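**Student:** Attaching a predicted model along with its sequence, questions to come.
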Amino acid sequence: MTDPAPKPEITPLSINVREMDIDDIAPVFHLGETLFTSDLYPYIYRTWDQWEVIGLYNTDPEYCLVATAEDQLAGFILGTIITKASWTYGYILWLGVSPLFQRRGIADMLVDKLVERMIVDGARFMMVDTDPENTPAVNFFSRKGFSNPRRHIFLSMNLSKHEYYGRLLAYEREKAERSAWTRPRRRPQKS
Ligand SMILES: CC(C)(COP(=O)(O)OP(=O)(O)OC[C@H]1O[C@@H](n2cnc3c(N)ncnc32)[C@H](O)[C@@H]1OP(=O)(O)O)[C@@H](O)C(=O)NCCC(=O)NCCS
């Protein structure tokens, strides 16, 4: 982990945390594009795209919050509730603060508001995951009281290079090509 960046000079701001509304979808998506880069999230399953925002706004609107500062989007948090057996977990899926507004307590406010809502809805446990190299996030969540970090190993395989799966892929590709060749042509229309 690298040394924390020095804390910048800050001027007081009036920050408002509220539920996301439909007009926030595009700005939230674009802010996320600048924050959740492939350096931070190299795995495709954790890729940021517009469906993350649209999907969560659709399924969990009460856990999609934005922070505005001087009427500008400053940050957002998107979460969900997971119920397993008798446990209810709150899961922070995405948290982002614009670089213009970082280190001013905005993530702090977003997390507090989300956790308050999740407690009301039965959560007794909170979860979040991020890359171990993401020092700002690891520091932030540790300071917030998240603990017990576990490293998770991701493995991947290029199927076309595998002895058996590669042959299977080639077979499927040939089958698709053959069926394209043998597909009956449309008969000319009778006049
Ligand atoms: C992580 C992130 C959400 C923090 O937002 P923030 O509004 O700046 O956080 P806050 O001001 O509420 O909290 C600040 C604390 O977070 C940690 N922190 C934030 N930025 C940091 C940095 N650049 N270096 C080290 N620690 C940092 C520190 O503990 C800091 O406390 P301090 O200011 O007293 O040192 C923000 O850096 C971000 O959007 N990062 C990119 C997206 C991301 O990684 N999201 C998290 C995973 S989904």
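**Tutor:** It's in.

**Student:** Going by C-alpha atoms from here, please, whenever you check contacts or count neighbours.
**Tutor:** Will do.

**Student:** mean confidence score for the strand ranked longest in the chain?
**Tutor:** Using DSSP state E, we find that the single longest strand of the chain is strand 72-84. What strand 72-84 shows for mean pLDDT is 96.

**Student:** Please enumerate the strands of the chain.
**Tutor:** Using DSSP E, strands in the chain cover 15-19, 64-69, 72-84, 87-97, 125-128.

**Student:** Just the buried positions in the longest one, please.
**Tutor:** Think strand 72-84. Residues 73-81 are the ones in strand 72-84 that count as buried (16 or more other CA atoms under 10 Å).

**Student:** Show me what the longest strand of the chain packs onto, helices and strands only.
**Tutor:** Applying 3 or more CA pairs under 8 Å, 6 or more residues apart in numbering; DSSP states H and E, one finds that strand 72-84 contacts helix 25-35, helix 50-59, strand 64-69, strand 87-97, helix 106-120.

**Student:** would you list those in CSV and tack on mean neighbour count and mean pLDDT?
**Tutor:** Output for those, formatted as CSV (neighbours: other CA atoms under 10 Å; pLDDT from 0 to 100):
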stretch, mean neighbour count, mean pLDDT
helix 25-35, 16, 96
helix 50-59, 15, 96
strand 64-69, 22, 97
strand 87-97, 20, 96
helix 106-120, 18, 98
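
**Student:** Skipping adjacent residues, who's closest to residue 151 in space?
**Tutor:** residue 132 (7.7 Å; CA to CA, 6 or more residues apart in numbering).

**Student:** and the residue lying closest to residue 65 once chain neighbours are set aside, how many neighbours does it have?
**Tutor:** Sequence neighbours aside, residue 19 is the residue nearest to residue 65 in space, at 4.4 Å (criterion: CA to CA, 6+ apart). If you count neighbours by other CA atoms under 10 Å, residue 19 ends up with 18.

**Student:** Pull the number of nearby residues for the closest residue to residue 169 other than its chain neighbours.
**Tutor:** In space, and not counting its chain neighbours, residue 169 is closest to residue 160: 6.6 Å by CA to CA, 6+ apart. Residue 160 has 13 neighbouring residues, counting by other CA under 10 Å.

**Student:** For the remainder of this discussion, apply numbering that starts at 55.
**Tutor:** Noted, 55 is the first residue going forward, which turns the last one into residue 214.

**Student:** check contacts around residue 214.
**Tutor:** Contact partners of residue 214, counting by CA atoms under 8 Å, 6 or more residues apart in numbering, are 220-221, 223-224.
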